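> Pasting a predicted model and its sequence here:
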Amino acid sequence: MTTTLRILCAAMTATLLHIHVAHATMSDNVIRIGVLNDRSGAYADLGGEGSVIAAKMAAEEFGNSIGGVPVEIVSADHQNKPDIGLGIVRRWFDTEKVDAVADISNSGVGFAVTALAKERNKIVLNASASSDFTGKACTRTSFQWVYTSYTNGYGLARALTAEKLDSWFLITVDYSFGHAFAADMRRAVENGGGKVIGEVRHPLNTADFSSVLLQAQASGAKVIALANAGADMANSVKQAAEFGITRGQTLVAPTVFLTDVDAMGLAAAQNLQFMTAFYWDRDAESRAWANKFFEKYGRMPTMTQAGVYSAVRHYLRAAQAANTDDGLSVAAKIRELPVSDAFAHGTVRADGQFVHDMYLARVKKPAASSRRWDYYDIVATVPAEQAFRPLSEGGCELVSQ
């Protein structure tokens, strides 16, 4: 064998060994991401199949593989029930070898999934809202990506209370999501010198809000705040407009999604103010990505769907950089790498919070909208360092470690 041939053989052997090592670092020779969310209930429009499509768009940017290892996206409906969601994820982790769970969009389900993922050292990319995910429930492998009850509850209430809208009545969906928002709004109002003069809680998927809205109207509060989301929020706003409540009181909803406004119609939703993490028509980068999403789904993306794209994309970047799908190793890279994409630009803190700019938005009046999905005016940008709860105030045990 000539010297040249020996060198070529050695080089080929080294290359094959390198490929083998690269593959061997990915368990089961596949990177599998599960999109878990509501696909049939109140939150199906804001996440649902749109989140699955967004996750697949992220995978497509990597050619659906990392270092030759295929990337697969699976999905399931948790039906907004923690026991069902937990059962799905346990099967995913133990039988189907899922490496990361994305979306969730239900805080009750999110807490159950995060606890299980902590035991298994699996990644959670959470679009649920409770601030506790980066507080007392924080873990090394869980991340909160889109918004929180602090950004959208505390931030909104702080801004309006400063404008002398200082008496509030809360209409709260009766599970952890609503409780978290109500608590953050109450704290902001009271810190600003205002007062919450009443609160009524309602079950998820309530159709008739007449009794609670009439209580809120009779209270005389300057602001009626809807600590709910999805179909519940949309029904609340439409019925409030029918009762003429908005003529004498300010109606706010901390969690408003593009699909909510589409369902309510601009006539009912006009002038509604809220915080949002994303708007498809924000800038050239968001428009370009949103138009690609529209081609696949026939709708413009919500902030959750855009956030799922961002979270899955960053997870894949981290897995690529770490050259493994090991949860703890990928989690370290998720925190180390900056985030920059069509959804947002920012960093991931020690507590697992993706910190990025937020936006104060107002729903347009019908005459100001040029076409379907042209629904928001961005009133102000809230810088990342102001939008999210200070790291020192969350109580995450990872912060001091």
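Right, received. Where do you want to start? Just so it is clear, the model here is predicted, and its values are computed rather than measured. Numbers count the residues shown, from 1 in each chain.
> give the contact list for the most centrally placed residue in the chain.
Closest to where the C-alpha atoms of the chain average out (CA atoms, centre = their mean) is residue 127, at 2.7 Å. By CB atoms under 8 Å, 6 or more residues apart in numbering, the residues touching residue 127 are 37, 47, 51, 102-105, 145-146, 304, 307-308, 311. All C-beta atoms are positioned from the backbone trio N, CA, C, and that covers glycine.
> for residue 112, same thing?
Contacts of residue 112 (CB under 8 Å, 6+ apart): 82-83, 85-86.
> Show me which residues of whichever strand or helix holds it are buried.
Residue 112 is located in helix 107-120, with elements delineated by DSSP states H and E. Buried positions in helix 107-120, judged by neighbour count with 16 or more other CB atoms under 10 Å: 107-114, 116-118, 120.
> and which of the residues you listed is nearest residue 26?
Within the buried residues of helix 107-120, proximity to residue 26 (CB to CB) peaks at residue 120, which comes in at 16.6 Å.
> Would you mind measuring from the residue nearest to the closest one when sequence neighbours are not counted to residue 122?
Excluding its sequence neighbours, the residue lying closest to residue 120 (CB to CB, 6 or more residues apart in numbering) is residue 93, at 5.0 Å. From residue 93 across to residue 122, the span is 6 Å (CB to CB, to the nearest Å).
> quick one, which of those two is more surrounded?
Comparing residue 93 with residue 122 by other CB atoms under 10 Å, the one with more neighbours is residue 122, at 26 against 20.
> still on that earlier bit, could I get the contacts of residue 127 in TSV, plus columns for pLDDT?
Listed next are these as TSV, based on pLDDT from 0 to 100:
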residue	pLDDT
37	98
47	97
51	98
102	98
103	98
104	97
105	94
145	98
146	98
304	98
307	98
308	98
311	98
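> Which of those fall in helices?
Among these, DSSP state H puts 51, 304, 307-308, 311 in helices.
> quick one: secondary structure of residue 55?
Taken by DSSP: H, G, I helix; E, B strand; the rest coil, the conformation at residue 55 corresponds to helix.
> And the pLDDT at it?
Per-residue pLDDT puts residue 55 at 98.
> for residue 23, same thing?
The model's pLDDT for residue 23 equals 43.
> what does residue 186 give?
Looking at residue 186, its pLDDT is 96.
> got it, and the one 4 residues further on?
The score at residue 190 is 97. That number is its pLDDT.
> What helix or strand is it located in?
helix 176-191.
> tell me which residues of that helix are tucked away?
Here helix 176-191 shows 176-189 as buried, counting by 16+ other CB under 10 Å.
> who's in contact with the next helix or strand after it?
Using DSSP H and E, the helix or strand that follows helix 176-191 in sequence is strand 195-202. Strand 195-202 is contacted from outside by 166-174, 178, 182, 185-186, 189-190, 209, 212, 215-216, 219-221, 228, 232, using CB under 8 Å, 6+ apart.
> again, only using 10 Å
The list of residues contacting strand 195-202 from outside it, by CB atoms under 10 Å, 6 or more residues apart in numbering, reads 157, 161, 166-175, 178-179, 182, 185-187, 189-190, 208-209, 211-213, 215-216, 218-225, 227-228, 232, 236.
> Give me the buried positions along it.
Neighbour count says strand 195-202 has 196, 198-202 buried, by 16+ other CB under 10 Å.
> For residue 193, grab the count of nearby residues.
10.
> Please tell me I have it right and it contacts residue 165.
No: the pair residue 193 / residue 165 is not scored as a contact, 11.5 Å apart, by CB atoms under 10 Å.
> and the contacts of strand 195-202, which of them are in strands?
In strands, judged by DSSP state E, the following of those are found: 167-173, 223-225, 227.
> now that we have those, which one has the most neighbours?
If you rank the ones in strands among the contacts of strand 195-202 by neighbour count (other CB under 10 Å), residue 227 sits at the top with 31 neighbours.
> any idea how far it is from residue 343?
For residue 227, the distance to residue 343 equals 25 Å [CB to CB].
> which strand residues sit across from the closest residue in space to residue 190 that isn't next to it in sequence in the sheet?
Leaving aside its sequence neighbours, residue 190 sits nearest to residue 196 (CB to CB, 6+ apart; 7.2 Å). Residue 196 has the following beta-bridge partners by DSSP bridges: residue 168.
> Can you pull out the low-pLDDT segments for the chain?
Counting by pLDDT under 70, the chain contains low-confidence ranges at 1-24, 401.
> picking that back up, summarise which helices and strands the helix holding residue 190 is packed against.
Judged by 3 or more CB pairs under 10 Å, 6 or more residues apart in numbering; DSSP states H and E, helix 176-191 is in contact with helix 107-120, helix 149, helix 155-161, strand 167-173, strand 195-202, strand 223-227.
> Out of the ones you listed, which gets nearest to residue 263?
strand 223-227 (14.4 Å).
> Adjacent strands (with direction) for the closest one?
Applying DSSP bridges, one finds strand 223-227 paired with strand 167-173 (parallel), strand 250-252 (parallel).
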